[in-house]
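Student: My questions concern the predicted model and sequence given below.
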Amino acid sequence: ELLEREVSPQRLVFYRDNWYLDGWCHLRESIRSFGMDAMQKAIPTNKQAREVPDEELDRNLKVGYGIFGGADTETAVIRFSPERSRWVANESWHPEQKGKYDAEGRWVLSFPYSNDTELVMDILRYGPDAEVLKPAALRVKVQERLREALARYI
């Protein structure tokens, strides 16, 4: 869907080889992050931009996982196979992540997220070497995506 939005730009962010504009969306009346590659046209106006303090931007955009922000978070808990654990244990998934080895030598990683879109993709790239333990809704979403993938090969 193509939408026209009025945005008060706040900052540019370069993340995973893409540029994003963090700003105040006047249509949604909230802070949003916009993919620059999805923008078709920008038209400057003479209107005063709404200024949002960096602390508020960070509180809404940096607490979640990846580029998707949101102040409301859940905690993802993912367990990796012993074979994959030695590499995943050295990866940085989130600034507030916590990890530990369980009794079977599997790395158990936990961190906050607010939108599961990017997180689900990152979990799926580990295939059978990753298992979502919590929350149940994230586990179900990963299961659904795996079923959809398997259906293409049956």
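Tutor: Done, it's in. Residues are numbered from 1 along each chain as shown.
Student: quick one: secondary structure of the residue of the chain most remote from its centre?
Tutor: Distance to the chain centre peaks in the chain at Asn46, reaching 33.5 Å (criterion: C-alpha atoms, centre = their mean). Three-state call for Asn46 (DSSP: H, G, I helix; E, B strand; the rest coil): coil.
Student: all strands for this protein, in order.
Tutor: Using DSSP state E, the strands of the chain run over residues 7-15, 18-25, 30-35, 74-80, 98-101, 107-113, 130-134.
Student: now those as CSV including mean pLDDT?
Tutor: CSV is the format used below for the strands of the chain (pLDDT from 0 to 100):
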stretch, mean pLDDT
strand 7-15, 88
strand 18-25, 88
strand 30-35, 88
strand 74-80, 97
strand 98-101, 98
strand 107-113, 95
strand 130-134, 98
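Student: looking at these, which is closest to Arg86?
Tutor: Across the strands of the chain, Arg86 has its closest neighbour in strand 107-113 (7.9 Å, C-beta to C-beta). To be clear about C-beta, it is placed using only N, CA and C from the backbone, and glycine gets the same treatment.
Student: Now the helix ranked longest in the chain: buried residues?
Tutor: Ranked by residue count and defined by DSSP state H, the top helix of the chain is helix 136-151. For helix 136-151, burial by neighbour count (16 or more other C-beta atoms under 10 Å) applies to 138-139, 141-142.
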